[in-house]
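Engineer: Predicted model, plus sequence, below.
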There are 4 protein chains.
Amino acid sequence: MIKVGIVGGTGYTGSELLRLLVRHDQVEVTAVTSRSVAGTEVAEFHPGLRGEIELAFSTPETARLTDCDLVFFATPNGTAMHEARALLDAGVRVIDLAADFRLQDLDVWQRWYGMTHAAPALVEEAVYGLPEINREAIAKARLVANPGCYPTAVTLGFLPLLEAEAVDATRLIADVKSGVSGAGRKPSTALLMAECGESFKAYSVGGHRHQPEICENLLRAVGVPVGLTFVPHLVPMVRGIEASLYATLERSELDLQSLFETRYRDEPFVDVLPAGSVLETRSVRGTNLCRLAVLEPQGAGVVVVQSVIDNLVKGAAGQAVQNMNLMFGYDEARGLALSAFVP
Amino acid sequence: MIKVGIVGGTGYTGSELLRLLVRHDQVEVTAVTSRSVAGTEVAEFHPGLRGEIELAFSTPETARLTDCDLVFFATPNGTAMHEARALLDAGVRVIDLAADFRLQDLDVWQRWYGMTHAAPALVEEAVYGLPEINREAIAKARLVANPGCYPTAVTLGFLPLLEAEAVDATRLIADVKSGVSGAGRKPSTALLMAECGESFKAYSVGGHRHQPEICENLLRAVGVPVGLTFVPHLVPMVRGIEASLYATLERSELDLQSLFETRYRDEPFVDVLPAGSVLETRSVRGTNLCRLAVLEPQGAGVVVVQSVIDNLVKGAAGQAVQNMNLMFGYDEARGLALSAFVP
Amino acid sequence: MIKVGIVGGTGYTGSELLRLLVRHDQVEVTAVTSRSVAGTEVAEFHPGLRGEIELAFSTPETARLTDCDLVFFATPNGTAMHEARALLDAGVRVIDLAADFRLQDLDVWQRWYGMTHAAPALVEEAVYGLPEINREAIAKARLVANPGCYPTAVTLGFLPLLEAEAVDATRLIADVKSGVSGAGRKPSTALLMAECGESFKAYSVGGHRHQPEICENLLRAVGVPVGLTFVPHLVPMVRGIEASLYATLERSELDLQSLFETRYRDEPFVDVLPAGSVLETRSVRGTNLCRLAVLEPQGAGVVVVQSVIDNLVKGAAGQAVQNMNLMFGYDEARGLALSAFVP
Amino acid sequence: MIKVGIVGGTGYTGSELLRLLVRHDQVEVTAVTSRSVAGTEVAEFHPGLRGEIELAFSTPETARLTDCDLVFFATPNGTAMHEARALLDAGVRVIDLAADFRLQDLDVWQRWYGMTHAAPALVEEAVYGLPEINREAIAKARLVANPGCYPTAVTLGFLPLLEAEAVDATRLIADVKSGVSGAGRKPSTALLMAECGESFKAYSVGGHRHQPEICENLLRAVGVPVGLTFVPHLVPMVRGIEASLYATLERSELDLQSLFETRYRDEPFVDVLPAGSVLETRSVRGTNLCRLAVLEPQGAGVVVVQSVIDNLVKGAAGQAVQNMNLMFGYDEARGLALSAFVP
C-alpha cells in the first residue's frame, strides 16, 4: 500500500488518474492539489466521482506531499521542473505527466516549449516512461517522464519496423488524429463544441511538440536520426487517438504481421490485431491498450500501420499507473483491468 | 430555362440536388423518381424541403423523363448504365452521380464494382465531370460522369504537383477522412450513430473503389502510371472531407504556394489559402468549394497538401450543378453562390 | 439599398448576420466593428466568409456608424443601452440583438441582468421585434429589441392557446433544449466539446433570463399574468432549439390543429405541421422558420406543443433581418429564402 | 460462483451485460447465443472485448442453457415469452431484459406490443425488477422482468412525491431524453448518424410503450391510477437518459429535498444531489447509478425533478446484474463498482 499525491487535479489527466487510483487496491490517494479550487471537495468538482473519494483539494503548500511515496504531476508544462527536486530530495518518487522531462536534448526542448529549463540535471536522470522500451529503467527510476499521447501511439507503431530495419527511416509519415480532450480542460474558444463539433481539421501543421519526442524515441531504436513528417488533426469526439503511419518498405521478404506479433507477444498492453483488421478508437476507449494493425502494401511498397489508444489512459493516466506499478513492484496491470467502453 | 429530372431522389445526393435546384433560376424540376416512395410528396419525405417544392415522387415509368432536357442519376452504382441509353437516344442529356461511367478502364471498373458493365460504348463517350480538368469537353458532352467525392478532393490536391513534375509520382499517399453522409442513406448497422459516434476508424484498408478513379485522373495529368496509397477514414460528423496528401519533393527550387495559386487562379470553385493556413471542413460546409493549403516540407523533403470539400456539394450535387451549368451555357457558378454554413 | 453597420462582429450572432446580409440584394454592409480584432479582414477571421466580403473589422470609433441607415448590435448585454442613443439622435435606426431593450419592466430587467439600465427612456420607446405579434409597430420603429432565442420558440408555441383562452395560463411548462451555439462564442470551460459532448444536462434550473421575457410576451396576449415553469437544457449539437410545451386544456371543444393553422396562416416564417407530425431541429436548420406541431392530449387533458427554430436564424440574426425588412419597406422575406440544411 | 447464459448477445444490452459479467468474480459466462453469428468468437464480434472472453456465439439449440443457474434474455420483445418456460422448468432462473413480463395488465401489453402473449401464467409469476420497490420479491423470484430504461428513470423520480401524496397524481408530465443506443443495434435509416447527428427531436409523440409501464409502477405506489403525459426525445449522443419531471405540488409544507434524501438513504444506486444541483448524464455514464435532483418550485407550484441514468447500465444490463446479485445472495453492488466515464 502506497501513499500517493496528485499535483494538479482539475484537468482531464488528473481526473482520469483519480478515476483509476480510487479503484487501485494498493494505493491511497492522500492529497490532490489545485490552487484555484483549494478547499472544494474533489467529488463536488468532478461530477463522476461522487461517492468515490472523500478528500478536498488542497494547495501545494498544505498538501504534505513529502509524506507521499509517489507524487504525480498532472500540471501544465513547466511546473514539475520547479517542484520535483524538493520531493525527490525528500525521498518521494515522481511521475510527471507533462513534458518537462521527456526530451533528453535540452536545446530542442527549450525551442519547442519556449522556456528555459529549470532542472537540467533532472532531465538527465529522468527515465522516459514507455514500458515497452524502458521497463527495467522505469522500475528503478526516481523520476519518470510519462510519454505524450501521440508519441505513445506513433512510437509503438513504428518501433517494430525500425528495429527490424524494414523501412526507410528518413521518410516516415505520421498522420495522426485526436479527440478534443487531448487539448486539456481550460477555457478556450477554439475548443468550444460550437467551433470543433461537426468539423475536422489539421492543426499545428508547421510543427508540433510531439514530433521531436517521437524522433528521440525512434533514434534510440535505430541509432540514426529519423525523418518524420507529423501532421496532427482534431476529431469531433472526446477521447481517442488514431495514428495512420506510412513508411517505404525496404525489406520485401519480411512477414510484417509476424514481425509485429513477435515484438509485442509479451506486452500486456499492446495488442496486434489479425491481418486485415480495421481499428476503431472506441475499441480501446477507457482501456490502457494500444491496438495495432499492420497492412501489407496496396502497391508502391508503402507499409501502413494503424495504431489506436485512449489519449487519457495509455496516452496519459493509465500509462502513469502502469509506470507506478513497475516502480513499486506491483503487477504491471494492477488496477488496469479495464474493458473498452463500447458503445 | 431547362426541364430537369432526378432519378433516385431519396438519398443524400438526391436531396442535396433538390436543395440546390429549387433555388436555381434557370431550372424547373419536373420529375423526381423513387420506386419505394412513389406517390409521396417530396416535401413530406425530406423534412427540410416543406414549402420549397410541390411535386410528388413518381416511378421511373410514369416520370416522363424523356420530356426533360437533363436527367441526373442519383442512384446506386449499376443503375444508370442500364437506363442512360434510352434517354440519350431521346435527346436528353445525362449526368450520373454514381460510378457507372467514371472509369475508362472497363476491366478495372468491373473488378472494383463487381458487375459486368451494361453499356461499354457509353463509358467511352462519357466525359469525366471535373471542370478543373475537363471544362470544354463537359460543355459539349451528352453524358457526364460526375466524380466521386474522394477523387475530387485528392485529384485537385495532387494535380499541380504532378503537372509540374514536382514530386515522385510513384510514392503518393492520401490519408483521407469523410463524414458519415458519404456512405449514403440506407439502413445499416455500421453507420448507426451508436456505432460511429464518438469513434474514429479507418475502413476499406485493403483498397477502396475511389483509388483507381484517382489514379486514372492523375495518369492523364502526368502520362505515366502513378503509385498511390489511399487510406480512407470515417469521422464522427455528418458532412465534410479532408484529405491530407503526402508526396516526396523532387524539385526543390519550386515555390509551391505560387504553383498552386497559379494553377487555380481562374477556377471559381478552387480556393488556395495563404501559406501556413489551417483548413477545417466547416469552412466549405454547404458550399461548392474545394479549399487547398500546401505546406512546405517540415523536413525530409515531404510536401503536404490539405484539401477540404463538402462531400455532398463539390463532392456530389454541387459539382453536378456546375457541370449542368457548363452543359447548358449558363454561368458556371449560377445557383452555386453558397456561403459556408458556420458554425 | 441601405447602408448597414454591425457592432460586434466576431460572435455567432454577428457572423450569422454577415452570412445573411452579404447575400441580401438591398444591403451594403459598410462597417463591422470589434475592438479585439480591429484591422483584421472579416473573411480571415470567419473561415467561411472568404470571398464573400471585402471589409476589415474597425473599432467603434472609426467605423462611421452614423453614416449607416441601420446599425445592428450583436454585442453582449449592456452594450447597446450605452451606444444606441447617439445613433438614434443621428437618425440611424437600431436593432439590438442582445437583451437591453427586451423587457418593459425595468425592475425585472435589472434584477435578471444584474446592472442598472443606462437608458430607461429608450426601453419605453423600443419595439419588441417579434413580427408575429408586432408587425406594424416594428415597421415604424426607430429601435427594435430583437427577441431571445428561447422566447421566440416558446412564445410562438403558446400564443394560439393563450389567445384562445384554451389553457390554464397559471400552469404553463416549457421544457426547452438548445444547441451549444446559443451560449455564444467566448472562452469557456463549460462549453468545451470535451465537457458538453456526449452529455445532456439541464442548466439554470433556478431560473433563466428568458423566462420573464416570455412572461411579458404572454401577458400581452392574455392580459393577465401567466405562471411559467421554464427549464432549459443543453444538447450536444451546434445549432437548434426544441421547445416541448405543456399546458392544461380548459376548452375541450376546440380543434387545436385548426386553431394553430388559422393563427399562423399568413405568417411567412411560421409553419404548422400536419397533426401527428414529429419535429426535428434540422428541419429548420439554417432557415428563418419556426415549425410547430400541436398534439392532442394523450390523456389527463394536457396539450403538448412542439416548437423548433434555428437559434442563430429565427432565434437571432434571421429574425433581425426580417425586422430590418419590415423597417425599410422591403418584402419581409427578402434575403431569407433559405432551405433547411439537411443532412 | 454461478453459471450464466445470455440469449441474444449481439445487441447493446447483450454486450453491456458481457462487459459487466466478465469482471464479476462470482460469475462464469458459459454460453452466449446468436443465430446470426453463431460460431464467431464473441471477442471478434465486439471490438472492445478482445482478451476479455474466450467463447464463441452458439445457437440457442447448442448452447446447453439448461446447465446454467441463470439465463439473461437480451433479445427483442416477444422472444423470452416463448423460451422462458422450458428453462424455468429445468430449474434455471431467468431475467428478461426485454418487455415480455413487465406489464401485469395483459390487455395493455398486447395492445402496446402488438402481439398475443404466449405465456400469461409467467406474467403473473414474474417480479418487476426494480430493486428500489421490489427488493425482497426479486431475491426470491424465479423470473424477473428487468425494467425499461425510461421507466427506471421516471419511476425513481416520481416515487417519493407520490408515496408522500405530495403532488397531483392526475397531472404528471415526463419530458424524457435518450441517447441513440436506447434504440438498439439493428439496421435502421432513422438512426444513422447522418440522420440523427446534429439534430434533436421528439418521437412517439402519440404514445410510447414505456408510458403504461411507468403508470403501473406508480399505481402500485399510490393505489390509484395516475395521469401521465410522456414525451420522449432523441439526443445526438450515444448513451444516457435525462428525465425532467413536472408535477403540481399539493402539500406546500414538505421539505422536498429531505423527502428525497430520506426515501433513498439506504439505496446503493440512487444518489440524491444537494439542493440546487444540475445533473448531467455523463455523471452516471458507465455506472449503475440513478442520480436525482429535486427543485423547489420557480413559481406556480410546479415541482421539477431531474433524473439521470445510463440507459445501458441502470437502464438495462447493470440493473439486471443488480437483480442477479439479489437473486443469488451476493452483495447487491457486487461487480457494479463502476466509476463514471468522464469526460
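Structural biologist: Okay, I see it.

Engineer: nearest spatial neighbour of the closest residue to chain D within the stretch 151-300 of chain A, skipping sequence neighbours?
Structural biologist: Taking C-beta to the nearest C-beta as the measure, the point where the stretch 151-300 of chain A comes nearest chain D is A:S283, at 3.8 Å. Placement of C-beta: from N, CA and C, glycine included. Taking C-beta to C-beta, 6 or more residues apart in numbering or on different chains as the measure, A:S283 lies nearest to D:P47, with 3.8 Å between them; neighbours along the chain are not counted.

Engineer: Let me see the backbone angles for that neighbour.
Structural biologist: Main-chain torsions, D:P47, degrees, to the nearest 10: phi -60, psi -30.

Engineer: Would you quantify the distance from it to A:S277?
Structural biologist: According to C-beta to C-beta, to the nearest Å, D:P47 and A:S277 sit 9 Å apart.

Engineer: Looking at these two, which one has more neighbours?
Structural biologist: A side-by-side neighbour count of D:P47 and A:S277, using other C-beta atoms under 10 Å in any protein chain shown, places D:P47 first with 25 against 19.

Engineer: Would you mind measuring from the more buried one to D:T62?
Structural biologist: Plainly put, D:P47 is 25 Å away from D:T62 if you go by C-beta to C-beta.

Engineer: And for A:V231?
Structural biologist: Using C-beta to C-beta, we find A:V231 at a distance of 50 Å from D:T62.

Engineer: what do you get for A:G11?
Structural biologist: Using C-beta to C-beta, A:G11 is found at 51 Å from D:T62.

Engineer: Out of those two, name the residue with the larger neighbour count.
Structural biologist: For the pair A:G11 and D:T62, the greater number of neighbours falls to A:G11 (19 against 11), based on other C-beta under 10 Å.

Engineer: Excluding chain neighbours, what is closest to that one?
Structural biologist: Nearest one to A:G11, counting by C-beta to C-beta, 6+ apart, is A:R185 at 4.7 Å.

Engineer: pLDDT at the one you found, what is it?
Structural biologist: In this prediction, A:R185 carries a pLDDT score of 96.

Engineer: wait, is it part of a helix?
Structural biologist: No: looking at A:R185 with DSSP: H, G, I helix; E, B strand; the rest coil, it is coil, so not inside a helix.

Engineer: Surely it touches C:A190?
Structural biologist: No: shown here, A:R185 and C:A190 do not form a contact pair, counting by C-beta atoms under 8 Å, at 10.3 Å.

Engineer: Settle it for me: which of those two has more neighbours?
Structural biologist: Taking other C-beta under 10 Å, A:R185 and C:A190 do not tie; A:R185 has more neighbours (18 against 13).

Engineer: Quick one: residues contacting the more buried one.
Structural biologist: Applying C-beta atoms under 8 Å, 6 or more residues apart in numbering or on different chains to A:R185 gives the contacts A:10-12, C:189, C:192, C:194-195, D:343.

Engineer: okay, now A:G276: neighbour count?
Structural biologist: As a burial measure, the neighbour count of A:G276 was computed by other C-beta under 10 Å and equals 11.

Engineer: That one and B:G206 touch, don't they?
Structural biologist: Yes: the pair A:G276 and B:G206 qualifies as a contact (C-beta under 8 Å) at a distance of 6.4 Å.

Engineer: Now do the shared contacts for these two.
Structural biologist: A:L295.

Engineer: so what's the residue nearest to A:S283 up against?
Structural biologist: A:280, A:282-283, A:340, A:342.

Engineer: Select, from these, the two members most distant in space.
Structural biologist: Pairwise distances among these were taken by C-beta to C-beta; the largest, 9.8 Å, belongs to A:E280 and A:A340.

Engineer: Thank you kindly, that will do.
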